[in-house]
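Participant: please find the sequence and the predicted model below.
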Amino acid sequence: MADVVRRVEYQYVVVPDRPGEGLRVLAALQRAGVNLLAYLGFPVEGGRAQLDLVAENPDALRRVAAQEGWQLSAPKQAFLVQGDDRVGAAGEHIRKLSEAGINITAAAATAAGAGRYGMILWVKAEDYERAAQILGA
């Protein structure tokens, strides 16, 4: 089965970098029934952490953020790749972008179990439309 590459919108919130902050965000999303397609958290300067939230329904994410008083970033775009796990799966998409001269600003991939994998890719905004064409998104 061929991989599916989708355009996705994401936003991020910056929280204190301490135990339980990510859980606080995730628990509020769970209570509101907001399904995440991807979630990434990492430290940024000033003792803070950035949580990237790729919601199935971005409007629902924004509603929860408003209720919780979170300051979300402006909406941004990325690509979500899902498919059958195999040796070199992630590299196939990265190679396409590389050969087209498109730099990947960030990527994260993981085996999903049951023979599946997923990856999220970020490129610069000015490269997004061309990358979408190359990836078939």
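Facilitator: Received it, and whenever you're ready, just let me know what you need.
Participant: for the lengthiest strand in the chain, buried residues please.
Facilitator: Ordering each strand of the chain by length in residues (DSSP state E) puts strand 4-16 first. Buried residues in strand 4-16, counted by 16 or more other Cβ atoms under 10 Å: 5, 8, 10, 11, 12, 13, 14, 15. C-betas here are computed from N, CA, C, even on glycine.
Participant: contact partners for residue 103?
Facilitator: Contact analysis of residue 103 by Cβ atoms under 8 Å, 6 or more residues apart in numbering lists 97, 123, 124, 127.
Participant: quick one: the helix or strand where the first one lies to strand 4-16, angle?
Facilitator: Looking back up the chat, that one is residue 97. In this structure, residue 97 is located in helix 89-99 according to DSSP states H and E. Relative orientation of helix 89-99 versus strand 4-16 (axes from the mean of the first three to the mean of the last three Cα atoms, to 10 degrees): 90 degrees.
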